[in-house]
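Undergrad: here are the coordinates; sequence isn't available:
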Ligand code: ADP
Ligand code: MG
């Protein structure tokens, strides 16, 4: 059974960056305004994320890393998330099957923090013979999640992830994208033991400023912005915000930051449609930067596609994509006159 769980976990947690993505979304869901990430060996040895969000109640800790269950559903009673992503509640569970997972958390109203350790979905004691119950400890408001020795029990996957600097680059890439999508939140990322962060953003920034900070000042001069939306009675209504480069910015390959309902996703179709807009405008070998945030009715996201699968699909995908791309094209044309 544990082998099956490990395989299932590997479907959700492919590498350190995919674990980080899940943890980031949890911290953002919890209303964090400061998120600090510490990494050792590309996240394989250590991946720690500290937030100042709502914290987790002591009574929720025993089932925190349980796979999606009715008890978890009713306890966390957050049905909105269910509809946002189809079905959820698997990230911490999955991580606990393929790594050592520990949580230190404190809610605003609690007088102390609690520390809990998890393995294979369940609370485990810190030392053999001790109680597995969460232990009171000192700690700030918020949550610190620590993942150690990721994939220690799945050697095949571990050996596929030998290049720790590539894994670290992927972690920074995910953080960069979430920092742009959440410019009000301060993000920080560093290697364990290092005093200087490799990524650091201020709080209360703007999307434009975050893009400039993280992708370099040369992008900003060329950055255009549009908002496209549709609101039809009885029909799927949606809205989008797009920041994209005009013809002067020259990326080697398309940089697309695609967020659907605040979740970073990939879509080959949307990427192709955007690239089509720029074909003929940009010289060969030159590509744009595009940040696209799309808000759609959660019920129109394809629930048959697992949310952690890379490709996302949603209702009226073609029309929505076309409308956005047409507006984008018109804006570029307008600017070139
Ligand atoms: P999901 O986010 O889909 O519910 P997860 O396994 O990612 O499933 O997390 C389980 C639950 O643990 C979340 O719903 C949330 O209530 C709680 N949680 C996880 N991380 C945090 C955090 N950083 N701050 C507050 N609550 C958290
Ligand atoms: Mg989650």
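TA: Good, I have the coordinates. Please read all numbers here as calculations on a predicted model, not as lab measurements. Ligands and ions are numbered 1, 2, ... in the order given.
Undergrad: Only C-alpha atoms from now on, for both contacts and neighbour counts.
TA: Noted.
Undergrad: Might you report the residue contacts of residue 124?
TA: Contacts here follow CA atoms under 8 Å, 6 or more residues apart in numbering; on that basis residue 124 touches 116-118, 131-133.
Undergrad: Would you point out the most distant pair within those residues?
TA: Spatially, the most separated pair among the contacts of residue 124 is 118 and 131, at 12.5 Å (CA to CA).
Undergrad: Restricted to helices, list the contacts of residue 124.
TA: Using DSSP state H to define helices, no part of those is located there.
Undergrad: Apply the buried test to the residues you listed and list what passes.
TA: Listed as buried from the contacts of residue 124 are 116-118, 132-133; burial here means 16 or more other CA atoms under 10 Å.
Undergrad: Export these as JSON lines, with columns for pLDDT and distance to ligand 1.
TA: Listed next are the buried ones among the contacts of residue 124 as JSON lines, based on pLDDT from 0 to 100; distance: CA to the nearest ligand atom, whole Å:
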{"residue": "116", "pLDDT": "98", "distance to ligand 1": "13"}
{"residue": "117", "pLDDT": "98", "distance to ligand 1": "14"}
{"residue": "118", "pLDDT": "97", "distance to ligand 1": "12"}
{"residue": "132", "pLDDT": "97", "distance to ligand 1": "18"}
{"residue": "133", "pLDDT": "97", "distance to ligand 1": "17"}
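Undergrad: Please identify which of those is nearest to residue 312.
TA: Nearest to residue 312 among these: residue 118, at 30.7 Å, using CA to CA.
Undergrad: Let me know whether that closest one touches residue 65 as I believe.
TA: Yes: if you go by CA atoms under 8 Å, residue 118 and residue 65 touch, sitting 7.0 Å apart.
Undergrad: what touches both of those two?
TA: Any residue near both residue 118 and residue 65 by CA under 8 Å, 6+ apart counts here, and that gives residue 96.
Undergrad: low-scoring stretches of the chain, by residue?
TA: Scanning the chain with the threshold set as pLDDT under 70 gives 1, 69-89, 234-236, 302-310.
Undergrad: tell me the helices in it, going along the chain?
TA: Under DSSP H, the chain gives helices at 2-12, 16-29, 70-76, 79-85, 91-98, 155-160, 164-181, 207-215, 268-278, 317-335.
Undergrad: Adding mean neighbour count and distance to residue 286, write those helices out as JSON lines.
TA: As requested, these are exported to JSON lines (neighbours: other CA atoms under 10 Å; distance: least, CA to CA, whole Å):
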{"stretch": "helix 2-12", "mean neighbour count": "16", "distance to residue 286": "34"}
{"stretch": "helix 16-29", "mean neighbour count": "20", "distance to residue 286": "27"}
{"stretch": "helix 70-76", "mean neighbour count": "13", "distance to residue 286": "47"}
{"stretch": "helix 79-85", "mean neighbour count": "16", "distance to residue 286": "34"}
{"stretch": "helix 91-98", "mean neighbour count": "26", "distance to residue 286": "37"}
{"stretch": "helix 155-160", "mean neighbour count": "12", "distance to residue 286": "32"}
{"stretch": "helix 164-181", "mean neighbour count": "19", "distance to residue 286": "21"}
{"stretch": "helix 207-215", "mean neighbour count": "18", "distance to residue 286": "16"}
{"stretch": "helix 268-278", "mean neighbour count": "16", "distance to residue 286": "9"}
{"stretch": "helix 317-335", "mean neighbour count": "15", "distance to residue 286": "16"}
